[in-house]
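Engineer: Give me a model of this one.
(one chain, ligands or ions: 1)
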Amino acid sequence: MLADLGARAIRLLPPEAAHNATLRLLTKGLGVPGRAPLFPPGLKVTLPKSGLTFASPVGLAAGFDKNCEVPGAMARFGFGFVECGTVTPKPQAGNPKPRLFRLEADRAVINRMGFNNFGLDYFVRRLARYSHAVPIGANVGANKDSEDRAGDYVTGIEAVAPYADYITINISSPNTPGLRGLQDKASLTGLLARCGAADRKGKPVFLKVAPDLDREAIADICGVVRGEGAWLSGLIISNTTLARPASLASADKGETGGLSGAPLFHPSTAVLAEFARALRGEFDLIGAGGIASGADAYAKLRAGAHAVQLYSMLVYEGPGLAARIADELEACRVRDGLASIAEATGNAL
Ligand SMILES: Cc1cc2nc3c(=O)[nH]c(=O)nc-3n(C[C@H](O)[C@H](O)[C@H](O)COP(=O)(O)O)c2cc1C
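Structural biologist: Numbering: from 1, shown residues only. As a prediction, this is how the structure comes out:
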């Protein structure tokens with residue numbers, strides 16, 4: 001409650017200053033609950049291919065904690081798993097500011113951060129110290145000026161593998177020029193061949209994709225994932241969108257970057273369902289995009305997700321959101337007579 005009040009005060013600051021102030025408070029433990037919530041047993045999920053087990057299927061999406069500084073604090077706020085990063089091998093400053101915009105009227109965010117982060121050495125030092133209160137994912141990317149992007153992913157995977165519970169290959173940020181091109185059939189085949197040969201210490205690896213994919217692109221990705229990517233555990237669907245729905249009403253709607261939050265909910269859920277239909281349970285799916293309530297999280301599960309992630313709606317709903325969504329999901333489970341929330345997966349397909 002106090003933390004939600006604090007979140008409202010912080011929202012008076014410009015967006016990136018607010019984010020940095022939040023991280024500073026969290027690193028000092030200020031406003032952080034004394035202990036993580038205990039989740040009802042019906043919320044526990046085990047992802048079929050990776051074997052990852054989460055006490056709640058609601059995770060923190062990448063980008064909130066790029067340098068792996070506050071995973072323990074976010075666990076206490078009620079996330080069932082946390083994903084840190086994106087981290088690149090070398091530190092980089094990202095794009096010029098301003099690069100983060102709140103679209104209040106649309107309950108949305110636009111960002112063009114551009115993988116600002118302190119680099120792998122810093123990230124891995126933090127990751128190695130984490131208590132594993134909840135499972136942690138390390139999301140890896142490529143430096144903007146890299147001459148061997150695939151090599152950057154291999155470097156990232158091998159550096160985080162000893163300490164992370166899972167690893168995410170992020171090829172879907174719209175803010176590093178050309179990065180999303182790695183989703184094309186030939187590039188993806190080459191990338192997954194290189195990454196598949198990396199020493200991942202047996203850790204599950206996920207591929208994070210964009211929502212801006214048509215049926216053909218989705219079919220191509222599924223083909224590559226089943227072939228060269230058969231070693232992957234699953235997909236995270238999705239990153240931010242380059243689309244600008246006609247419904248947007250906020251002044252900053254024309255800013256360059258990736259749009260996330262409420263307007264991303266329907267398109268990202270449709271793409272998730274398309275992947276789920278094509279992959280038929282062969283891979284674990286984590287759904288992200290615009291989740292603001294238990295009903296939204298439930299809809300992602302029903303569209304084929306085994307677990308979900310969120311970030312943007314924390315800006316509008318405050319840090320109590322993950323715990324609230326867990327409560328609401330439990331209510332959906334009971335209402336629909338499911339023994340476990342895992343039984344919801346794919347029910348709407
Ligand atoms: C400010 C901001 C920064 C982000 N940075 C990253 C990132 O570094 N790596 C990544 O894979 N996704 C990043 N994302 C995307 C989120 O992880 C998530 O996939 C997307 O925002 C959709 O979920 P949401 O609508 O709940 O935010 C970022 C999102 C935002 C809003």
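Engineer: Show the contacting residues for the nearest residue to residue 141 once chain neighbours are set aside.
Structural biologist: Leaving aside its sequence neighbours, residue 141 sits nearest to residue 86 (CB to CB, 6 or more residues apart in numbering; 4.0 Å). (Each C-beta comes from the backbone N, C-alpha and C, glycine too.) Applying CB atoms under 8 Å, 6 or more residues apart in numbering to residue 86 gives the contacts 62-63, 66, 115, 117, 139-141, 170, 173.
Engineer: Please report the distance of residue 86 from the ligand.
Structural biologist: Residue 86 is 4 Å from the ligand, where distance means CB to the nearest ligand atom, to the nearest Å.
Engineer: helix or strand for that residue, which one?
Structural biologist: Using DSSP states H and E, residue 86 sits in strand 81-87.
Engineer: Convert the C-alpha atoms of that strand to CSV, please.
Structural biologist: Output of strand 81-87 as CSV, limited to C-alpha atoms (Å, rounded to 0.1, in the frame of the first residue of the first chain):
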residue,chain,number,x,y,z
PHE,A,81,10.1,-15.4,-11.6
VAL,A,82,12.2,-12.4,-12.8
GLU,A,83,14.0,-11.8,-16.0
CYS,A,84,16.9,-9.3,-15.9
GLY,A,85,18.7,-7.6,-18.9
THR,A,86,18.9,-7.1,-21.8
VAL,A,87,22.7,-7.3,-21.1
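Engineer: Tell me the first helix or strand C-terminal of that strand.
Structural biologist: strand 100-103.
Engineer: Pick out the residue of the stretch 151-300 of the chain closest to the ligand.
Structural biologist: residue 260 (3.2 Å; CB to the nearest ligand atom).
Engineer: Over to the stretch 1-150 of the chain?
Structural biologist: For the stretch 1-150 of the chain, CB to the nearest ligand atom, closest residue to the ligand: residue 63, 2.2 Å.
Engineer: residues contacting that residue?
Structural biologist: Contact partners of residue 63, counting by CB under 8 Å, 6+ apart, are 85-86, 111, 113, 311.
Engineer: give me that answer again for 7 Å
Structural biologist: residue 311 (CB atoms under 7 Å, 6 or more residues apart in numbering).
Engineer: for the stretch 51-200 of the chain, what spans make up the helices?
Structural biologist: Along the stretch 51-200 of the chain, counting by DSSP state H, counting those that start in this stretch, helices occupy 71-76, 120-129, 149-160, 185-196.
Engineer: what separates the first one from the chain centre, distance-wise?
Structural biologist: Meaning helix 71-76. Centroid separation for helix 71-76 versus its chain: 15 Å, with CA atoms, centre = their mean, to the nearest Å.
Engineer: Please enumerate the helices of the stretch 201-349 of the chain.
Structural biologist: 215-226, 265-279, 294-302, 313-317, 321-335.
Engineer: returning to that earlier point: with pLDDT added, can I get the contacts of residue 86 in JSON lines?
Structural biologist: JSON lines is the format used below for those (pLDDT from 0 to 100):
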{"residue": "62", "pLDDT": "98"}
{"residue": "63", "pLDDT": "98"}
{"residue": "66", "pLDDT": "98"}
{"residue": "115", "pLDDT": "97"}
{"residue": "117", "pLDDT": "98"}
{"residue": "139", "pLDDT": "98"}
{"residue": "140", "pLDDT": "98"}
{"residue": "141", "pLDDT": "98"}
{"residue": "170", "pLDDT": "97"}
{"residue": "173", "pLDDT": "94"}
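Engineer: farthest pair in those?
Structural biologist: 63 and 140 (13.1 Å; CB to CB).
Engineer: how about the residues of the stretch 201-349 of the chain near the ligand?
Structural biologist: For the stretch 201-349 of the chain, the residues in contact with the ligand (CB under 6 Å from any ligand atom) are 208, 239-240, 260-261, 264, 288-291, 310-313.
Engineer: Go again with 5 Å.
Structural biologist: 239-240, 260-261, 264, 288-290, 310-312 (CB under 5 Å from any ligand atom).
Engineer: quick one: which of those residues is most hemmed in?
Structural biologist: residue 289 (32 neighbours; other CB atoms under 10 Å).
Engineer: Low-confidence bits of the stretch 1-150 of the chain, can you list those?
Structural biologist: Counting by pLDDT under 70, the stretch 1-150 of the chain has low-confidence residues at 1-5.
Engineer: How far off centre is stretch 109-122?
Structural biologist: 14 Å.
Engineer: Could you tell me the end-to-end distance of that stretch?
Structural biologist: In stretch 109-122, first residue to last residue: 27 Å (CA to CA, to the nearest Å).
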